[in-house]
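Trainee: Generate coordinates for the sequence data below:
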Amino acid sequence: VAFVEVRVKRASDGFCLDNDVLPNGDWVLCVVDPEVWNNAVLTPGNPYTWDLSTAAWQTGVSYEANVRAKDKVPNLQFVYSTVTFNADFQKPLSKVTQPVHTQTYSTLNDLRGTALDAGPAGIKRVWAAYYQASGTPAWWNKTTKTFTLPDNSVPPEGPSAGSNYWVEVSTDNSVPVNWVATGASSPSFVTGNTYQVLVAAEDKASNIEDRPTTPASNTSRVSFNYEQPGPESGPTKPNADSPHFNATGLALQGTANPETTGMDIRLKRVTDGGNVYCWKGDALKWAAACNDWVGAPTFSGGVWTLV
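Mentor: Numbers count the residues shown, from 1 in each chain. As a prediction, the model looks like this:
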């Protein structure tokens, strides 16, 4: 191939691109000069590839392009390759909504956010990267599922399926797009550490969002703390949906989370007018002093029972 020429027509007014007009090319009347062909930058290969400057093009405008090549014989291509398209040079924007910037979490089943394309192409996908900011700072490796990739302000590789820094997350077809990272697309977080979530949206024109170097609220990069959950428990028998209790086979029951290692229960009697009485387990009677807790119910498999 000796050269490749490209003719571009703007659909809105029929003007043609002339990249010889300084400094960045301009649009001229095709009626005056119908054969405005622009030389593309040719790269040898098998096949050859070519590029044409788009400095004079505008987002949201429709164009028609014709392409022809000439070989070294020389033979000139007379049947043009033609394509019609909408230009989109604007980068999309995304943000993280869960976790919330600077908040502390003890459980985090998924990470969420939104993405919106400023141009006409629309969101194609959303990428996520995870950074451990405390302890030994490192980026998450999606293959090994560990925080072992080198510490940098941003991943040194751009978002792609071939990068261990980036993982594609789930998206829907809403506007703005909702994205969710869970399961294999998110790490296991360790108690006592600070983490950062960085996301980058990619639109259907292959524009990829800029990646900020520091976290901030309502942006595509946030920071959060992860702590071990404290003990939690609650009654299941009786409960708010079934408050009536049959004294036959009397037993109070409830559940507790895995972090619970022991329990105490306080029983209050609230049907004595304005007086409140609490059960004193050691004396086996109701008393006005409500400082006592009945200790050590049976606790097994996340279920506690007090007979």
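Trainee: which residues of the stretch 201-307 of the chain fall in strands?
Mentor: 221-226, 233-237, 252-256, 264-265, 268-272, 275-280, 285-287, 294-295, 298-300, 303-306 (DSSP state E, counting those that start in this stretch).
Trainee: Give me the residues contacting stretch 37-47.
Mentor: Contact with stretch 37-47 is made by 1, 3-8, 17-20, 25, 48-52, 67-68, as judged by C-beta atoms under 8 Å, 6 or more residues apart in numbering. Glycine gets a C-beta too; all of them are placed from N, C-alpha and C.
Trainee: returning to that earlier point: pick the most buried one from the strands of the stretch 201-307 of the chain.
Mentor: Comparing those by mean neighbour count (mean count of other C-beta atoms under 10 Å), strand 221-226 ranks first with a mean of 21.
Trainee: helices and strands around that strand, which ones?
Mentor: Contact partners of strand 221-226 among helices and strands, from 3 or more C-beta pairs under 8 Å, 6 or more residues apart in numbering; DSSP states H and E: strand 104-105, strand 193-203.
Trainee: Please produce TSV containing these, extended by mean pLDDT.
Mentor: Listed next are the helices and strands packed on strand 221-226 as TSV, based on pLDDT from 0 to 100:
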stretch	mean pLDDT
strand 104-105	96
strand 193-203	98
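Trainee: Now the closest residue to Thr82 other than its chain neighbours. Its backbone dihedrals?
Mentor: Once flanking residues are discounted, Thr82 sits nearest to Asn66: 5.2 Å by C-beta to C-beta, 6 or more residues apart in numbering. Taking degrees, to the nearest 10, you get phi -110, psi 140 for the backbone angles of Asn66.
Trainee: any idea of the pLDDT on Asn66?
Mentor: For Asn66, the model assigns a pLDDT of 93.
Trainee: hmm, back to that, nearest to Asp117, out of the strands of the stretch 201-307 of the chain?
Mentor: Taking C-beta to C-beta as the criterion, strand 221-226 is the member of these that comes nearest to Asp117, at 18.9 Å.
Trainee: who touches the closest one?
Mentor: 96, 99-106, 108, 133, 189-199, 211-212, 214-216.
Trainee: for that strand, what is the average pLDDT?
Mentor: 98.
Trainee: I'd like the distance from it to the chain centre, please.
Mentor: Put simply, strand 221-226 sits 13 Å off its chain's centre (C-alpha atoms, centre = their mean, to the nearest Å).
Trainee: Dump the C-alpha coordinates for that strand into CSV.
Mentor: In CSV, the C-alpha atoms belonging to strand 221-226 read as follows (Å, rounded to 0.1, in the frame of the first residue of the first chain):
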residue,chain,number,x,y,z
ARG,A,221,-12.9,7.1,43.9
VAL,A,222,-13.9,6.8,47.5
SER,A,223,-12.2,5.6,50.7
PHE,A,224,-13.7,3.6,53.6
ASN,A,225,-12.8,1.7,56.7
TYR,A,226,-13.5,-1.9,57.4
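Trainee: Give me the sheet partners of that strand and which way each runs.
Mentor: Taking DSSP bridges as the criterion, strand 221-226 forms sheet pairs with strand 104-105 (parallel), strand 193-203 (antiparallel).
Trainee: Deepest-packed of the ones you listed, please.
Mentor: With neighbours taken as mean count of other C-beta under 10 Å, the strands paired with strand 221-226 reach their highest mean count in strand 193-203, at a mean of 23.
Trainee: ok so, going back, tell me, how many residues neighbour the residue nearest to Thr82?
Mentor: Number of residues near Asn66 (other C-beta atoms under 10 Å) recorded here: 14.
Trainee: Thought Tyr80 was touching it, still the case?
Mentor: Yes. Asn66 sits in contact with Tyr80 when judged by C-beta atoms under 8 Å, with a separation of 4.2 Å.
Trainee: who touches both of the two?
Mentor: With contacts defined as C-beta under 8 Å, 6+ apart, the residues adjacent to both Asn66 and Tyr80 are Arg7.
Trainee: picking that back up, buried only: go through the contacts of stretch 37-47 for me.
Mentor: Applying a neighbour-count criterion of 16 or more other C-beta atoms under 10 Å, the buried members of those are 3-8, 17-19, 25, 50, 52, 67-68.
Trainee: out of those residues, what pair is the most spread apart?
Mentor: Pairwise distances across those peak at 18.8 Å for Gly25 and Arg68 (criterion: C-beta to C-beta).
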